[in-house]
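1. give me the fold of what follows.
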Amino acid sequence: MEGLFVADSKTEKIRQAARTFGLVTPLGVETAAQAPPADEVWELPGGSARVYYGEGQKGVVRPVVLADGFNLGPSDFDWLWDQLENGRFPFISELRRRGRTLVLVGFDERSESILRNSDTVMAAILRTSAEQLDDTRLLAGGFSMGGIVARYALAKMEQRRMDHRVGVYVSFDSPHRGAWVPIGLQAFAHYTAGVDDTYLRQISSPASQQMLWRYLDDMKGTPQESQLRTEFKEELQKVGSWPQIPHLLGVSSGRGDGTGNGVRAGAKTLSCSGPLFDGTYFLAQSQGEKAEAAVLNGVLGGPHSITTSGFPELDGAPGGTLESFGIIGDALTGAGESVDLVHRSGCFVPSVSAVAVRDLDRQEDLYVNIDQLPPEESELHEFLLSQDNDPHALMTEDIGRWVLDRLPD
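-> Numbering: from 1, shown residues only. Prediction:
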């Protein structure tokens, strides 16, 4: 009986930790102060919008419409405001100081299909046009997944001959050619799902599968492009892939000179030594056949060896980073696990994906020196890369001012 109690106690600790496993941010953790009250709140199909007038304005004038990115559950407008205003550059204040209205678009379920959430963005754009007091063309876009949702929404509106009145589109570190979550962590989501499936629900959600370059549908499966991603790419092609009317802008949180983030391929990123996951470890993605990505072991069984074949060195690639290993490591430490966390972060949206110049399949493309490529190789009209491999979709002064300088007149 005592052994059974110990096993139950360990399982409960895993359950408590797993409830906070987040793909983008830790779940259930208060991360932001309350945003100021909006001047207007719009209820939209599948979501809502918070409207903040420009300084000195009493209505919607020279509007900027920006869509939220991926996570589990409904949009957190406090967190979104905090990211845009209280980081390295006060983007919202600078925008409103220029007399611009900001329309922040959120979703009832951020992990829902991009195709479905595009209806929310379409409705927000139409409502913005209807409420607008002047005739300036809109800027519309979004952060991370939000940039993909807005891209599809605008292209779909054009195909339907709907006047979106958008003069400039912008994406902030959006995965136009795919995003990366380490296969070892995807396997870990399956490994822990029998106790708590919070992590797996994020990774296996429609939006996640549509964005991930490679997806693992079973712990013992073979990582490959999800059928949902294949179908989404086909739907995107049906509407022309990109909107044709707006000037297309994109920014990357990663470097453009081909320099990676310092995570060495094959190096251990996170290791556990008990009492819950003794013998579990994760390795940074490396090239080659049957390259080890992780070993999963502990009270939930094992050891299970997780491998990949034919992948480039994605964890260390130039691009916007995510604390993928850090979020898991912190949660396990909080549950009493002995953890050696060597690398908190790895690449999430490669630079070549954010500025739509190359696919992620080949090492030479993933690490190409974008700064030396002809600009017309990008599907965007203009793009900006960062000075360093910064956290995913971080609002820096360089990015903020670059976008502000390109607002529609």
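2. remind me which residues of the stretch 251-400 of the chain are low pLDDT?
-> In the predicted model of the stretch 251-400 of the chain, no residue satisfies pLDDT under 70.
3. return the alpha-carbon coordinates of the one helix or strand I306 maps to using PDB.
-> Per DSSP states H and E, I306 falls inside strand 304-308. Taking Å, rounded to 0.1, in the frame of the first residue of the first chain, the C-alpha atoms of strand 304-308 are listed here in PDB:
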ATOM      1  CA  HIS A 304      11.600   5.600 -25.000                       C
ATOM      2  CA  SER A 305      14.200   6.800 -27.500                       C
ATOM      3  CA  ILE A 306      12.900   9.600 -29.900                       C
ATOM      4  CA  THR A 307      14.700  10.100 -33.200                       C
ATOM      5  CA  THR A 308      14.500  12.100 -36.400                       C
END
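4. show me what it is packed up against.
-> Judged by 3 or more Cβ pairs under 8 Å, 6 or more residues apart in numbering; DSSP states H and E, the packing partners of strand 304-308 are helix 183-192, strand 291-296. C-beta coordinates here come from the backbone N, C-alpha and C atoms, glycine included.
5. could I get the ones you listed as a markdown table with mean neighbour count?
-> Output for the helices and strands packed on strand 304-308, formatted as a markdown table (neighbours: other Cβ atoms under 10 Å):
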| stretch | mean neighbour count |
| --- | --- |
| helix 183-192 | 25 |
| strand 291-296 | 22 |
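6. need the ones you listed in JSON lines with distance to S273, can you?
-> Converted to JSON lines, those look like this (distance: least, Cβ to Cβ, whole Å):
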{"stretch": "helix 183-192", "distance to S273": "16"}
{"stretch": "strand 291-296", "distance to S273": "13"}
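7. name the residues that touch the helix or strand just after the strand holding I306?
-> Using DSSP H and E, the helix or strand that follows strand 304-308 towards the C-terminus is strand 319-322. Among residues not part of strand 319-322, those counted as contacts by Cβ atoms under 8 Å, 6 or more residues apart in numbering are 24, 173, 252-254, 261, 345-354, 389-394.
8. let's see that with 7 Å instead.
-> Applying Cβ atoms under 7 Å, 6 or more residues apart in numbering, the contact partners of strand 319-322 are 24, 173, 252-254, 261, 345-351, 354, 389-393.
9. and stretch 249-261, end to end?
-> This stretch, stretch 249-261, spans 24 Å end to end (Cα to Cα, to the nearest Å).
10. so which bits of it are buried?
-> L249, G250, V251, S252, S253, G254, R255, G256, G258, G260, N261 (16 or more other Cβ atoms under 10 Å).
11. counting contacts, what elements does the helix or strand hosting I327 pack onto?
-> Following DSSP H and E, one finds I327 within helix 324-334. Of the remaining helices and strands, those touching helix 324-334 by 3 or more Cβ pairs under 7 Å, 6 or more residues apart in numbering; DSSP states H and E are helix 2-18, strand 268-272, strand 339-341.
12. quick one: I245 is in a strand?
-> No - using DSSP: H, G, I helix; E, B strand; the rest coil, the assignment for I245 is coil, not a strand.
13. surely it meets A155?
-> No - the criterion here is Cβ atoms under 7 Å, and I245 misses it with A155 at 9.7 Å.
14. quick one, which of those two is more surrounded?
-> A155 (24 against 16; other Cβ atoms under 10 Å).
15. just want the phi and psi numbers for the more buried one.
-> Main-chain dihedrals, A155, degrees, to the nearest 10: phi -60, psi -40.
16. same deal with Q363?
-> Phi and psi for Q363, reported as degrees, to the nearest 10, are phi -50, psi -40.
17. so for the strand holding I306, what gets flagged as buried?
-> Under the neighbour-count criterion of 16+ other Cβ under 10 Å, strand 304-308 has H304, I306, T307, T308 buried.
18. how many neighbours does A18 have?
-> Neighbours of A18 under the rule other Cβ under 10 Å: 23.
19. what sits against it?
-> So A18 contacts T192, V195, D196, T198, Y199 (Cβ under 7 Å, 6+ apart).
20. TSV for the residues you listed, including pLDDT and secondary structure?
-> Output for the contacts of A18, formatted as TSV (pLDDT from 0 to 100; DSSP: H, G, I helix; E, B strand; the rest coil):
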residue	pLDDT	secondary structure
T192	98	helix
V195	97	coil
D196	96	coil
T198	95	helix
Y199	97	helix
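21. if I look at the residue nearest the centre of the chain, how far off is P37?
-> Nearest to the mean C-alpha position of the chain, by Cα atoms, centre = their mean, lies S144 at 4.5 Å. Note on S144: its distance to P37, by Cβ to Cβ, to the nearest Å, is 26 Å.
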